[in-house]
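Kindly generate the corresponding structure for this input.
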Amino acid sequence: MNPPCARCQKIVYPTEKVNCLDKYWHKACFQCEICKMTLNMKNYKGYDKKPYCNAHYPKSSFTAVADTPENLRLKKQSKLQSQVQYKEDFEKNKGKGFSAVANTPELERIKKNQEIVSNVKYHEEFERSKGISAASAERRNSHETQEYRPQPERNLGYQPQAPSHQEPPTPVYDPPPAAPYAPPPSTGKRFRAVYDYSAADDDEISFQDGDLIIDVQQIDEGWMYGTVERTGDTGMLPANYVEAV
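You can find the predicted model right below:
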């Protein structure tokens, strides 16, 4: 038995039958529900078991979902995982500085390397070498004391003259004073300053980048003793602030 057409309800014969959307249609009755344009199996779109053309196909609209506790939990979890939450926290914490970072082995290694090349390490070496500096200053002070020791005054006068019937006395001169203590011979080493340095103690010297340091003597691995040619000052200086000429 031939079925009825889904639109006109008339009998559909096999030669003009269209089987679509679980219904039977006449070829002329298979039209868009809105504009009545005749459709075929290639250009139709079905919605609610009714044919539509591409222009009048109903658009799907989303329904509002109630804010149940489960939906609120899922929404909060999705928000925390999204970039939106990160941007909000970033804007909120602008200008508040950085938070403390855990001391991982890699960060400890980087921190140690930075400490070695920093000025903190230099000050530690400076404090350690203070004992050597004090001993060197004491030796230098003793040398200067001997070098500038007051000399005895020469007695170039004559003894009081005796009466004329006696022979004139022979002038008596004091022996010449001993030669002052000479400083240790110069090593002749010359260094050039590569940084500015301000003396941190009385036994140190200040110099500027490019100054020539002459008569340099090595005290230990970190300190030297020499004279700044520009100023004439003599004293101790850090070895890592100069280079050999």
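
Could you list the low-confidence segments of this structure?
Scanning the chain for pLDDT under 70 picks out 60-66, 83-85, 95-103, 119-121, 124, 129-188.

Which parts of it belong to which domain?
The chain resolves into domains spanning 1-58, 187-245 when parsed by automatic domain parsing.

got the CA positions of stretch 209-219 in CSV?
Taking Å, rounded to 0.1, in the frame of the first residue of the first chain, the C-alpha atoms of stretch 209-219 are listed here in CSV:
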residue,chain,number,x,y,z
ASP,A,209,91.5,53.8,36.5
GLY,A,210,94.6,54.1,34.2
ASP,A,211,97.0,55.1,37.0
LEU,A,212,100.5,53.5,36.8
ILE,A,213,101.6,51.7,40.0
ILE,A,214,105.4,51.3,40.2
ASP,A,215,107.8,49.4,42.5
VAL,A,216,105.1,46.8,43.1
GLN,A,217,105.8,44.0,45.6
GLN,A,218,103.5,40.9,46.0
ILE,A,219,102.3,40.5,49.7
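
What distance do you get for the nearest residue to Q208 once chain neighbours are set aside to I11?
Spatially, and ignoring its direct neighbours in sequence, Q208 is nearest to D196 (5.2 Å; Cβ to Cβ, 6 or more residues apart in numbering). Where C-beta positions appear, they are placed from N, C-alpha and C, glycine not excepted. From D196 across to I11, the span is 110 Å (Cβ to Cβ, to the nearest Å).

same question, K79
Counting by Cβ to Cβ - K79 and I11 are separated by 60 Å.

which residues of this structure fall in strands?
Assigned by DSSP state E, the chain shows strands spanning 17-20, 23-26, 45-47, 50-52, 191-193, 212-218, 223-228, 234-238, 242-244.

can you tell which of those is closest to E108?
strand 234-238 (28.2 Å; Cβ to Cβ).

pretty sure N2 is in contact with V12, am I right?
Yes. N2 lies in contact with V12 (Cβ atoms under 8 Å); the separation is 5.9 Å.

Have a look at these two and say which one is more surrounded.
Legend: neighbour count by other Cβ atoms under 10 Å for N2 and V12, higher for V12 (22 against 11).

before we move on, the earlier item: now tabulate the domains of the chain in JSON lines and tack on distance to D89.
Formatted as JSON lines, the domains of the chain follow (distance: least, Cβ to Cβ, whole Å):
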{"stretch": "domain 1-58", "distance to D89": "42"}
{"stretch": "domain 187-245", "distance to D89": "44"}
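
winner for burial among the ones you listed?
domain 187-245 (a mean of 16; mean count of other Cβ atoms under 10 Å).

thinking again about what came up before, report the contact partners of the residue nearest to Q208.
F207, Q208, D209 (Cβ atoms under 8 Å, 6 or more residues apart in numbering).
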